[in-house]
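> One predicted model, sequence on top.
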Amino acid sequence: PNTHALSDSDGFTLVLFDNPTIPSLWHHQDKILTVKFIQLLMMWGIAIAATVVAGISAVDYDVVVYGSSPAGIAAATAAGQLGMNVALFEPLKMIGGMGAAGNLALNDGGNGAEHTGLAKVFMMLNGEAYNLSSPVSHPESFVAEATFYKMLASANVTAIKLDCHITAATSVKSGSISKVESISVSCASDPITATVFIDASYDGDIMVAVGDVEYTAGREAVSTYNESYAGARTPGFSGVGGPQHIDALRDDGTILKYVSNLTNLAPPGEADDALMAFQHRMCISADSDRIPWPKPDGYNPDDFLLMQRVLDATGNAAAFTRMPPSSLPGYPGPKKKYCLCCGITVAASDQPTLNSGWANASWERKQEIIADHTYFELGTFYYLANDPKVPESVRTQFSSYGLCSDEFQAFGHMPPQLYIRISNRLVGDFILTQNNIGNPRNKSDSIAVGDWSFDEHMTGKYAVPVGGGKFEVQLEGNFWPSIGKGGNWYDVPYHAIVPKKGTGANLLVPVCLSASAVAYSSTRIENMFMSVGSAAGVAAKQVVDGAVSTVQDVNVTLVQNILTTVFSQRIHGPPGSGPVGPTPQYYNVSGAGSADWNGQYVPSKGTYGGYASTTCSTCMLYSYGGVWRLAHSELFYVDGQESSLPTLTGWTVANGTAPAPTLTRGPL
């Protein structure tokens, strides 16, 4: 009596008993099949008595995505479009990670390899926001935020929780296999359960908290994977711009603020816990409605003595940042908006001494580290615009800029997302390294294409003894060689986003993926993260549907088929959006108002491909988002139309001096 026998269209029969003391088939299934059974019951339209389901441990969601980085947005969107019940948890009060809350969007990426799939959707939706039919890779941040919400809504992802950081995670073991059972978050009183967890955070928060998934942080030793760029490096001036031999000591003999004691550095080639520099990619405005540089709390002008010594040596502040900084690639609006970035100088806006201890820090300690970055950045701008010791020309220059008044208004006009260029990293059964990331370039289980050089920002700034009791400021850690001959593209394998077999059976890690610190200096690009995140969302379906029991057992061929046919994502290199057929042996540029850009350009093997000037070491002619440009870190001139090859006329002025150039091309 009280027996329910149900059959589906495939002839599968499920027998359930109302009496919970009878061991029914239901009670012998894991959570994955339980969800499937519940879906079957809903399809049949049969209401089962509460006594039947009393022993069932149903999950809250099919998929929980933690971290709304571009990878997290893509993972949630892909999973939602495939019919899964998805929740997205974001530690900050704004979604988008570096794609919106960090003011970077999809600024970085190779020539066409990574502008694909949902990343291309993001760019096209940005274009629509500006009434364009062409892609915009770096829109204003409030546009990027709105675009991400559109993508989530189109995939029926409505469970979006902001200001909600992880506080704990638990795992459960069945035989020799463990999986994530639940996560606890600051915005919910009860633990959150799911069939699959996708950790798309920049620190691998679930991966770290669950306790039995192997991960690492910092730099491996050269000997770990036989990587020539691994480990601590000898300080010096290799690749360093700006002034050199700046005194590292105050008059009382103590080390300047923002400079470290050399005794803190490991021996060359040895492992350490150092991370390349973080920073806020601040939105900087030259418009009349800009916000004047605010004086940060606790401001002390003596903290910026290193900056003053650079000013004394050079008479300008270019070592901190050019003004204006980098433009927003593809931004078609009228506002004079810029994005702060980087630099490899002793006084750059990158500050490597501030993120010490970040990877294993508590949530509370991380907020202090973020505040330290904010103080350094705002304090430097305020100093340069206001301190009487700063040359008047520099004060005038920096006073003509400020914070963007229409960006990040709830956060004091500062991006809430700190650019965490590297943190904790998964250690899986497969690990990307300096040696195998591009050798072979094509990989059979590829789910995405990366296209960026090794790109390690400075990791240390040290007081180095130079004799006679003197110490000077030297940099350590930076390198940016190509992946190899033939460019910087490479396939990204599926098994780089799954934990070692037997652990994390329902955990996918598309951001803090399995890579050495050297390899991660290339993989850390948001364009590629969107492709890898999409693959994580697609792979989750096989586990949710019960086709496989672990993420390690996912049929990668099926994932690849869905990525290419449903999401139009490129999964194998080489990049496919570059010129087709024979290309010119060189281009001649003439007539540019900024004379350095005139001259001959020959094929380049650098990060951006395209053509390199034979007379200007930083001048490049290359395609970005289908549009050719004359640029280095700053955009000078732009081709007036999208084309597989540069057009010869119709160029426009960006940050260069008028007039725009014309081109002639050499033989094919």
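Noted; the coordinates are in hand.
> So Asn424 sits against Leu275, correct?
No. Contact criterion Cβ atoms under 8 Å: Asn424 and Leu275 do not qualify, at 9.9 Å. The way it works is simple: take the backbone N, C-alpha and C, and place the C-beta from them, glycine included.
> what do those two both touch?
Ala217, Ala359 (Cβ atoms under 8 Å, 6 or more residues apart in numbering).
> ok, Gln560 - contacts?
Ser446, Ile447, Ile571 are the contacts of Gln560 under Cβ under 8 Å, 6+ apart.
> how many neighbours does the first one have?
Burial of Ser446, expressed as a neighbour count using other Cβ atoms under 10 Å, amounts to 23.
> Is it in contact with Ala496, as I believe?
No. Counting by Cβ under 8 Å, Ser446 stays clear of Ala496, with 9.9 Å between them.
> which stretches of the stretch 551-668 of the chain form helices?
Here the stretch 551-668 of the chain has its helices, by DSSP state H, counting those that start in this stretch, at 556-565.
> Ok, the chain next?
Taking DSSP state H as the test, the helices found in the chain are 31-44, 50-53, 70-81, 117-129, 141-154, 205-209, 222-225, 305-314, 363-386, 392-399, 517-523, 526-544, 556-565.
> Which residue, other than its chain neighbours, is closest to the one residue sitting closest to the centre of the chain?
Note on the chain: the residue nearest the mean C-alpha position is Glu526, at 3.8 Å, using Cα atoms, centre = their mean. In space, Glu526 comes closest to Pro70 once its chain neighbours are excluded; the distance is 4.7 Å by Cβ to Cβ, 6 or more residues apart in numbering.
> do you know how far the one you found is from Pro465?
In this view, Pro70 and Pro465 are 44 Å apart by Cβ to Cβ, to the nearest Å.
> neighbour count winner among the two?
Applying other Cβ under 10 Å to Pro70 and Pro465 shows that Pro70 carries more neighbours, namely 34 against 12.
> Pairing partners for Pro493 in the sheet, please.
Ser446 (DSSP bridges).
> okay, and for this protein, where does confidence drop off?
Scanning the chain for pLDDT under 70 picks out the ranges 1-57, 110-113, 576-583, 605-609, 624-626, 633, 640-644, 668.
> Double-check the residue nearest to the centre of the chain against Leu106; I have them as touching.
Yes. Because the distance of 5.6 Å satisfies Cβ under 8 Å, Glu526 is recorded as touching Leu106.
> any residues in contact with both of those two?
Listed contacts common to Glu526 and Leu106 are Pro70, Gly99; contacts here mean Cβ under 8 Å, 6+ apart.
> so how many other residues sit close to the residue lying closest to Asp273 once chain neighbours are set aside?
Spatial nearest neighbour of Asp273, excluding adjacent residues (Cβ to Cβ, 6+ apart): Gly218 at 3.7 Å. For Gly218, the count of nearby residues is 20 (other Cβ under 10 Å).
> Equivalent analysis for Thr557, please.
9.
> what separates Leu403 from Glu227, distance-wise?
Leu403 is 40 Å from Glu227, where distance means Cβ to Cβ.
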